[in-house]
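Novice: what follows is a predicted protein model with its sequence.
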Amino acid sequence: MEVGLVEDSRLTLTALLPLLIRKDESDFLDSNQRAMRKWRSLLEEQGSRKDRPIKPQFVATILSDELDDDAIISVDSGTITSWAARYINIKRGMLFSLSGTLASMGCGLPYAIAAQIAFQKGRSVAFVGDGGFTMLMGVLA
Ligand SMILES: Cc1ncc(C[n+]2csc(CCOP(=O)(O)OP(=O)(O)O)c2C)c(N)n1
């Protein structure tokens with residue numbers, strides 16, 4: 001870093017944009033776009049494998065395809081968090097939560113119930129592992 005700017009990021013970036021000089025060579029951009037395409041095709045390959053037992057990547061991909069555009073998704077802590085981050089395609093209009101600060105297990109199900117009550121829109125989905133579900137399955141009662 002050469003200069004640190006502490007500001008409202010939207011205002012700062014808007015002010016900086018006109019100062020950018022477009023470069024002719026795009027090796028860096030090209031190589032990163034290639035890497036991203038490779039990563040996406042790897043996710044697609046892993047998310048569509050019909051292995052038995054069923055892989056979590058497949059479950060997350062199927063869920064992603066089924067989600068409505070205004071879905072509310074609440075994710076628990078565990079490897080489940082990675083499956084959600086990689087395979088659930090979050091779109092504008094959706095709401096997404098997880099326990100980002102303390103990464104406490106048991107948040108997914110109560111978050112989903114609370115979100116359904118609070119927002120009263122869309123389908124509220126809890127994406128949780130068996131461990132996280134067991135911790136607070138009493139909230140279902
Ligand atoms: C309250 C709490 N206890 C323990 C942990 C440590 N921890 C993180 S993930 C995890 C296991 C999660 O298992 P599961 O819910 O089955 O989901 P999976 O990892 O299999 O997707 C544990 C014990 C935690 N994050 N929060």
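Specialist: That came in fine, so what should we check first?
Novice: any stretches of this structure with poor pLDDT?
Specialist: The model of the chain has no residue with pLDDT under 70.
Novice: which parts of it sit against the ligand?
Specialist: Within the chain, the residues that sit near the ligand (CB under 6 Å from any ligand atom) are 76-80, 103-106, 129-132. (Each C-beta comes from the backbone N, C-alpha and C, glycine too.)
Novice: center of the protein, which residue is that?
Specialist: Ala85 (3.7 Å; CA atoms, centre = their mean).
Novice: residues contacting the residue of the chain most remote from its centre?
Specialist: The centre of the chain is farthest from one residue, Asp24, which by CA atoms, centre = their mean lies 33.7 Å away. The contact partners of Asp24, by CB atoms under 8 Å, 6 or more residues apart in numbering, come to none.
Novice: just Ala118 next, same as before
Specialist: Here Ala118 is in contact with no residue (CB under 8 Å, 6+ apart).
Novice: check which helix or strand it maps to.
Specialist: Here Ala118 sits within helix 108-119, counting by DSSP states H and E.
Novice: contacts for the longest helix seen in the chain, please.
Specialist: Taking DSSP state H as the criterion, the chain has its longest helix at helix 27-47. Counting by CB under 8 Å, 6+ apart, helix 27-47 makes contact with 55, 57-58, 60-61, 86-87, all of which sit outside it.
Novice: can you count the residues close to whichever residue of the chain sits closest to the ligand?
Specialist: Residue nearest to the ligand within the chain: Gly129 (2.1 Å; CB to the nearest ligand atom). Gly129 has 19 neighbours, counted by other CB atoms under 10 Å.
Novice: start and end of stretch 8-24, how far apart?
Specialist: 30 Å (CA to CA, to the nearest Å).
Novice: er, stretch 13-32 actually
Specialist: Rule used - CA to CA; the end-to-end distance of stretch 13-32 is 22 Å.
Novice: isn't Met105 up against Gly78?
Specialist: Yes: if you go by CB atoms under 8 Å, Met105 and Gly78 touch, sitting 6.6 Å apart.
Novice: ok, which stretches of the protein are helices?
Specialist: Using DSSP H, helices in the chain cover 9-16, 27-47, 56-66, 79-87, 108-119, 130-135.
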